[in-house]
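Enquirer: quick one: sequence and predicted model below, then my questions.
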Amino acid sequence: MAKQTHHPLEAAFADNLHATGLVRHGGTIVLAVSGGVDSMVMAELFARLRAEWHLDLVIAHVNHQLRGEESMGDEAFVRNHAEQWGIPFHCERVDTHLHAATNRLSKQEAARELRYQVFERIRTKVNGTSVATAHQADDNAETILLNALRGTGIRGLVGIPLRREPGHIIRPLLFARRSELDKFAHDEGVTFRNDSSNDLTEYRRNYLRHNVIPAIEASKEFDFVASLNRLSRAMRQLDGLLTTEVLHLLPTILVRGEDGSSSLNIPHLKSKPEYLQEGIVLEVLRRLGAEAESHKVHQILDLCDLTTGSQIHLSKNLHVFRNRDRLDFVAPQSEPSLHQEVLLGESYATDEFRLTLSKPLPRPQTLGSTRSVEFVDAARLGNRLVLRSWHEGDWFMPLGLGSKKKLSDFFVDEKIPLRLKHRIPILESNGDIVWICGRRLDDRFKVTETTKSVVRLEYGPTVFYH
């Protein structure tokens, strides 16, 4: 329960809130409380401050269901303390393993993604001003070191921001050392739970925390955490300048399609210094609502040097394709699975196109073939005609070429984005491709001097009449 005495950390906490403007009097703050020492101390500090600052507090707890009974114990522990503080308690249980498998994420990435989703749902539900997480100065130092080892560039060296943009996340404990929070808990009798996973050095952050950082600090030549937090502040200022330059350059590099898609001009992008290339890609990812992680930025930049058609799946909601001199950022669509037997003398329509096949006609004097109208030798058509989507390994004999060509190569030559190849219907006869509709006829079905009757094929977009 909150006490009336003022601990030094309590005064420092209030001073920091004043200085940073993270919290304003009369706000509604959602406290992200796991049950660990940092979040329990944060909740205690806010509880002591709420009357003077006229704050409405809400506690949010996420049960990731990763540690069985231990996870359930954490939930019960936080719930009980919320009652003691007199703070409304909100909890969600999430299936972290399922989310990780479904979205091809690591367990830690999945837990983090779910956690912030829950926080935002609760904040919206209670009309909260912000969500406070208990990241502190040691966490920030570990993040900077980890990012440096990953090669994340300037933005990674910024560390954990005071505010998470976009969003409503604030970090009011970044000014404090872990040892200060531990001392406050000891002095003020703040109880907490120990997460057993924090001791597992198989996780990179834990390995740094338990092995690397203590070895560095053992030299006592410098204050490791303080040094990295000073670096963080300097990089934050530099990042501000970088962001200004990125926003200035972006209109000359980012292309928006009529369908709302986003593309980056590769030659223009690659003409910039590497730090600006990273900044530009990060800004695009943020605008698309994607996780702006360093390894994803590097994957996207590496795509610039791969062949047309190469792609990476950043998430289930965002894919990136190399499309000649562009990088296309697209939301994946379910590939149409078209397979329909068709008959001569009939017309067939979908939401995207209409195909009409005539009955056999006498050979006209002039054919007048276009991209949307073709004539084929009726005698060469088999008894089974199928309209279908592209299949891996498809080949045909393009009119006038006289030799086989893979459809995937044809699409590249036609400058058709790989992501659209499934949307182009193909007419086949007894298993042989007759026409890539609206694109190219197969040489084996062309009209010749000996042709006596033809079939007229007409293909075009579906037209709706209102």
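Expert: Perfect, thanks for sending it. Numbering: from 1, shown residues only.

Enquirer: check which residues of stretch 182-200 are buried.
Expert: Neighbour-count burial for stretch 182-200, counted by 16 or more other CB atoms under 10 Å, picks out 184-185, 188, 190, 192-193, 195, 197. Glycine gets a C-beta too; all of them are placed from N, C-alpha and C.

Enquirer: equivalent analysis for stretch 328-346, please.
Expert: Quick answer for stretch 328-346 (16+ other CB under 10 Å): 328-330, 336, 338, 342.

Enquirer: lowest-confidence one in the buried residues of stretch 182-200?
Expert: Lowest in pLDDT among the buried residues of stretch 182-200 is Ser197, which has 73.

Enquirer: who are the neighbours in contact with the closest residue to that one other than its chain neighbours?
Expert: Take Ser197 and drop its neighbours on the chain: the residue closest to it by CB to CB, 6 or more residues apart in numbering is Arg67, 6.6 Å away. Contacts for Arg67 (CB atoms under 8 Å, 6 or more residues apart in numbering) come out as 195-197.

Enquirer: could you look up the SS state of Arg67?
Expert: Recorded secondary structure, Arg67: coil (DSSP: H, G, I helix; E, B strand; the rest coil).

Enquirer: grab the most central residue of this structure for me.
Expert: Nearest to the mean C-alpha position of the chain, by CA atoms, centre = their mean, lies Ala290 at 3.2 Å.

Enquirer: just for this structure, where's the confidence low?
Expert: Scanning the chain for pLDDT under 70 picks out the ranges 1-5, 151-152, 165-167, 199-202, 258-260, 292, 332-336, 418-419, 462-466.

Enquirer: the lengthiest helix in it packs against which elements?
Expert: Longest helix of the chain, by residue count under DSSP state H: helix 224-253. If you count contacts as 3 or more CB pairs under 8 Å, 6 or more residues apart in numbering; DSSP states H and E, helix 224-253 packs onto helix 137-150, helix 154-157, helix 213-217, strand 262-265, helix 266-270, helix 274-287.

Enquirer: now do it against helix 274-287, angle only.
Expert: Between helix 224-253 and helix 274-287, the angle comes out at 80 degrees (axes from the mean of the first three to the mean of the last three CA atoms, to 10 degrees).

Enquirer: quick one: buried residues of helix 224-253?
Expert: 224-225, 228-229, 231-232, 235-236, 239, 242, 246, 249, 253.

Enquirer: how distant is the next helix or strand after that helix from the center of its chain?
Expert: Where DSSP states H and E defines the elements, the next helix or strand beyond helix 224-253 is strand 254-256. Distance of strand 254-256 from its chain centroid, counting by CA atoms, centre = their mean, to the nearest Å, is 18 Å.

Enquirer: which residues touch strand 254-256?
Expert: 262-265, 280, 284, 326.

Enquirer: in JSON lines: those residues, plus neighbour count.
Expert: Shown next, in JSON lines, are the contacts of strand 254-256 (neighbours: other CB atoms under 10 Å):
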{"residue": "Ser262", "neighbour count": "19"}
{"residue": "Ser263", "neighbour count": "20"}
{"residue": "Leu264", "neighbour count": "25"}
{"residue": "Asn265", "neighbour count": "15"}
{"residue": "Ile280", "neighbour count": "24"}
{"residue": "Val284", "neighbour count": "23"}
{"residue": "Arg326", "neighbour count": "20"}
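
Enquirer: and the two most separated of those residues?
Expert: Ile280 and Arg326 (13.7 Å; CB to CB).

Enquirer: identify the contacts common to these two.
Expert: By CB under 8 Å, 6+ apart, the residues touching both Ile280 and Arg326 are Leu264.

Enquirer: let me see the domain layout of the chain.
Expert: Domain segmentation of the chain under automatic domain parsing yields 8-135+171-218, 225-330, 339-461.

Enquirer: what's the closest of these to Gly153?
Expert: domain 225-330 (5.1 Å).
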